[in-house]
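Student: give the three-dimensional model of this entry:
(one chain, ligands or ions: 1)
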Amino acid sequence: MTKLEKIVLSYSGGLDTSIILKWLQETYGCEVVTFTADLGQGEELEPARAKAAMSGVKDIRIVDLREEFVRDFVFPMLRANALYEGQYLLGSSIARPLIAKHLVGIAREVGAHAVAHGATGKGNDQVRFELAVNALDPSLKVIAPWRQWNIRSRMQLLEYAEKHRIPVPSDKRGEAPFSIDANLLHTSTEGKILENPAEVAPDHVYQRTVDPVDAPDRPEIMTIGFERGDPVSVNGKSMTPAALLTELNGLGGRHGIGRLDLVENRFIGMKSRGIYETPGGTILLAAHRGIESITLDRAAAHLKDEIMPRYAELIYNGFWFAPEREMLQALIDHSQAFVSGEVTLRLYKGSASVISRASPCSLYSADLVTFEESAIAFDHHDAEGFIRLNGLRLRSSAARNGR
Ligand code: ARG
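Tutor: Numbers count the residues shown, from 1 in each chain. Here you go, the predicted structure:
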């Protein structure tokens with residue numbers, strides 16, 4: 001084992017990373033610096049500081065990354081309307097490159113030659129962390145204790161915790177908690193009973209959305225303002241990116257919006273089942289598509305839709321800092337120059353529906369599309385020729401096929 005002077009650990013203060021902290025100190029006998037990111041996971045972060053201090057950590061970093069997360073990661077991704085496998089809004093995937101970026105920054109600042117993370121050997125997150133570190137600082141060594149130690153199960157993990165007097169958290173029901181990853185964009189829950197996709201997820205899995213059945217019987221009408229593809233206001237009130245997403249999470253959560261029960265294909269090769277709650281993100285996706293519907297040219301919109309699955313897969317697979325993601329981003333960002341205006345939505349029992357949209361840069365022409373008499377010159381004979389030419393090869397084929 002190479003001798004390391006200092007390791008920067010991505011530390012949540014939860015059970016796994018508390019054990020990892022202990023294990024790193026014992027295994028490498030070197031200083032461990034902890035880095036805890038506030039991504040709006042809705043948890044007090046001071047306990048993480050106290051726990052790290054109790055474990056003898058001298059350099060404890062707790063950084064509020066909420067604005068950077070939403071402004072530089074969530075919103076750019078939203079400009080693409082990114083969904084993995086048609087449904088997943090990528091809430092965990094998009095947080096990893098940001099955490100990795102700061103891990104690398106701190107490692108450089110404190111002169112550490114290694115960073116460590118608590119992602120397991122079966123998941124996507126290890127790949128995302130490490131590809132990001134590779135892209136940002138290839139000189140850094142990455143330590144992934146879950147792949148190195150001989151703890152092989154959660155059971156053994158609990159035993160290790162007990163042996164080292166590390167407090168084991170339990171959920172409100174006194175049971176071992178699910179594997180949860182939360183931030184301002186979503187809450188993801190995996191493990192335990194959810195590992196059987198044939199089982200219905202129990203109610204207590206849901207953390208930040210009400211069951212649509214219990215949502216208010218009265219719909220709520222709300223408006224989102226966009227500027228160049230990014231949401232900037234809610235009900236006419238300008239907000240910073242993180243404040244805006246927080247506001248929409250509250251609204252969406254109350255109306256049961258953004259629940260998803262999904263079996264997905266992990267990059268590493270297996271299928272997994274998880275429950276996602278993305279209230280604000282779900283509202284934003286509907287609203288963004290709404291404003292794009294009147295401001296984007298058809299071919300531009302369709303091209304965006306073609307590259308979207310590829311772009312989403314790059315983020316899912318951990319290639320945020322790869323050149324092809326940056327190339328696609330440039331294309332997507334360019335498309336957003338006129339994506340400004342206001343979208344009104346109705347939130348009601350689990351759904352966020354666009355009910356009106358308006359933009360100073362709209363391409364929509366009522367005069368052109370109207371069923372009534374129109375001032376704009378539109379020669380109906382042109383449509384006849386248009387159809388005749390488009391039908392030319394179909395008529396040829398039909399004649400040959402003897403239809
Ligand atoms: N499957 C999701 C993804 O790969 C979430 C992973 C983290 N979630 C968790 N509950 N551990 O993006």
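Student: skipping its backbone neighbours, what lies nearest whichever residue of the stretch 201-350 of the chain sits closest to the ligand in space?
Tutor: Here the residue of the stretch 201-350 of the chain nearest the ligand is G274; by C-beta to the nearest ligand atom that distance is 5.0 Å. C-betas here are computed from N, CA, C, even on glycine. The shortest distance from G274 to any non-neighbouring residue, by C-beta to C-beta, 6 or more residues apart in numbering, is to E190 (4.5 Å).
Student: that neighbour is in contact with P197, isn't it?
Tutor: No. With the criterion set as C-beta atoms under 8 Å, E190 and P197 do not qualify as a contacting pair; they are 11.5 Å apart.
Student: using the three-state scheme, assign the residue of the stretch 201-350 of the chain closest to the ligand.
Tutor: Recorded secondary structure, G274: strand (DSSP: H, G, I helix; E, B strand; the rest coil).
Student: how near is it to S353?
Tutor: In this structure, G274 and S353 are separated by 26 Å, where distance is defined by C-beta to C-beta, to the nearest Å.
Student: so those two - more neighbours on which side?
Tutor: Neighbours of G274 and S353, each counted by other C-beta atoms under 10 Å, are more numerous for G274; the result is 23 against 12.
Student: tell me the contacts of that one?
Tutor: Taking C-beta atoms under 8 Å, 6 or more residues apart in numbering as the criterion, G274 is in contact with S188, T189, E190, L194, L262, E264.
Student: among these, which are in strands?
Tutor: For the contacts of G274, the ones inside strands are S188, T189, E190, L262, E264, with DSSP state E as the criterion.
Student: can you name the residues bridging to S188?
Tutor: Beta-bridge pairing of S188 under DSSP bridges involves D181, Y276.
Student: so who does it touch?
Tutor: Applying C-beta under 8 Å, 6+ apart to S188 gives the contacts G91, S92, I180, D181, A182, G274, I275, Y276.
Student: number of residues surrounding the nearest residue to R310 once chain neighbours are set aside?
Tutor: Leaving aside its chain neighbours, R310 sits nearest to L328 (7.1 Å; criterion: C-beta to C-beta, 6+ apart). The tally of other residues near L328 (other C-beta under 10 Å) stands at 19.
Student: A helix includes L328, no?
Tutor: Yes. In this structure, L328 lies within a helix as judged by three-state DSSP.
Student: was I right about it contacting Y311?
Tutor: Yes. With contact defined as C-beta under 8 Å, L328 reaches Y311; the gap is 4.8 Å.
Student: ok so, going back, need the pLDDT of the residue nearest to R310.
Tutor: pLDDT recorded at L328 is 98.
Student: residue contacts, it?
Tutor: By C-beta under 8 Å, 6+ apart, L328 lies in contact with A80, I307, R310, Y311, L314.
Student: same check on I151?
Tutor: Under the criterion of C-beta under 8 Å, 6+ apart, the neighbours of I151 are I19, L157, Y160.
Student: selecting buried members of these in PyMOL, what would you type?
Tutor: Here is the PyMOL command that selects only those of these that count as buried (16 or more other C-beta atoms under 10 Å):
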select buried, resi 19+157+160
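Student: what sits in contact with each of L328 and Y311?
Tutor: Between them, L328 and Y311 share the neighbouring residues A80, with contact defined by C-beta under 8 Å, 6+ apart.
Student: then stretch 135-145 to PDB, C-alphas only?
Tutor: In PDB, the C-alpha atoms belonging to stretch 135-145 read as follows (Å, rounded to 0.1, in the frame of the first residue of the first chain):
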ATOM      1  CA  ALA A 135     -11.100  14.500 -15.900                       C
ATOM      2  CA  LEU A 136     -10.300  17.200 -13.400                       C
ATOM      3  CA  ASP A 137      -7.000  16.000 -11.900                       C
ATOM      4  CA  PRO A 138      -5.500  12.800 -13.200                       C
ATOM      5  CA  SER A 139      -2.700  12.900 -10.600                       C
ATOM      6  CA  LEU A 140      -5.100  12.200  -7.700                       C
ATOM      7  CA  LYS A 141      -5.500   8.700  -6.400                       C
ATOM      8  CA  VAL A 142      -9.100   7.700  -5.600                       C
ATOM      9  CA  ILE A 143      -9.800   5.400  -2.600                       C
ATOM     10  CA  ALA A 144     -13.100   3.600  -2.700                       C
ATOM     11  CA  PRO A 145     -13.200   1.700   0.600                       C
END
